[in-house]
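Student: what's the 3D shape of this:
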Amino acid sequence: MAIKKGLYGLLAEFDNPTLLVQATSRARQQGYRRMDAYSPFPIEELGDALGFHRTGMPLVMLIGGLTGCIGGYLLQYYCAAITYPLNIGGRPLNSWPSFIPVTFECTVLLSALSGVFGLLGLCGLPTPYHPLFNVPRFAHATRDGFFLCIEAADPQFDLETTRQFLAGLGAREVMEVPQ
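Tutor: So this is what the prediction gives:
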């Protein structure tokens, strides 16, 4: 394996989204696993071609929502029945129907906050620097460029073999990405 020191990977630019999806599928079939694709708009088939797995976000938000629900209810119960019990109008101290609005709001609040912070954590954000920013052509990824990057950390990666493989997939240009 010929890996240059200080090399992040190889970046291939393609002319259209179809070529990008086909190249990504072929790279996955070839055994490459440490890769990512970039395009100026979402491409539905690209996630399958990259082999994306299910995310943990629904579970993070469910746990946040349940924590908010239970925490909001227990806070009101503690205040109304234990710390400061007031018998107003003969109602019971644990009057759960009056606890519903605050419980609902705490559920929504903690679910939304756990969603935001869970997204940041699971995506590794904020990332103010990425090695791909060192490649001048990568600026086209937000306008009209379709890119596939195979990282040098991939066990299958060999500089010359991977370069020839990407060029054989119909890449317009294959560039080295420095660290």
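Student: next, find the distance separating the residue nearest to Asn16 when sequence neighbours are not counted from Leu169.
Tutor: Among residues not flanking Asn16 along the chain, Phe146 sits closest, at 6.5 Å (C-beta to C-beta, 6 or more residues apart in numbering). Heads up, the C-betas are built off the backbone N, CA and C, glycines and all. Between Phe146 and Leu169 the computed distance is 12 Å (C-beta to C-beta, to the nearest Å).
Student: just Pro85 next, same as before
Tutor: Pro85 is 72 Å from Leu169, by C-beta to C-beta.
Student: can you tell me which residues contact the residue nearest to His140 when sequence neighbours are not counted?
Tutor: Distances taken as C-beta to C-beta, 6+ apart put Glu13 closest to His140, at 7.6 Å, once the chain neighbours are dropped. Neighbouring residues of Glu13 by C-beta atoms under 8 Å, 6 or more residues apart in numbering: 137, 140, 145-147, 171-175.
Student: can you select the buried ones from these in PyMOL?
Tutor: Buried subset of the contacts of Glu13, written as a PyMOL selection, criterion 16 or more other C-beta atoms under 10 Å:
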select buried, resi 145+146+147+171+174+175
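Student: now render the contacts of Glu13 as TSV, adding secondary structure and distance to Leu159.
Tutor: Formatted as TSV, the contacts of Glu13 follow (DSSP: H, G, I helix; E, B strand; the rest coil; distance: C-beta to C-beta, whole Å):
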residue	secondary structure	distance to Leu159
Arg137	helix	19
His140	helix	24
Gly145	coil	23
Phe146	strand	22
Phe147	strand	18
Ala171	coil	15
Arg172	coil	19
Glu173	strand	16
Val174	strand	11
Met175	strand	12
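Student: okay, which residue is most central for this structure?
Tutor: Centroid-nearest residue in the chain: Cys123, 4.0 Å away (criterion: C-alpha atoms, centre = their mean).
Student: can you read off the pLDDT for that one?
Tutor: pLDDT, Cys123: 87.
Student: related to what we said a few turns ago, what touches both of Phe146 and Leu169?
Tutor: Taking C-beta under 8 Å, 6+ apart as the contact rule, Phe146 and Leu169 both touch 14, 19.
Student: ok, so of the contacts of Glu13, who is nearest Ile43?
Tutor: In terms of C-beta to C-beta, no member of the contacts of Glu13 lies closer to Ile43 than Phe146, at 8.4 Å.
Student: quick one: residues contacting the closest one.
Tutor: By C-beta under 8 Å, 6+ apart, the contact set of Phe146 is 13-17, 19-20, 37-40.
Student: one step back: between which two of the contacts of Glu13 is the distance greatest?
Tutor: Of all pairs in these, the most separated under C-beta to C-beta is His140 and Val174 at 14.9 Å.
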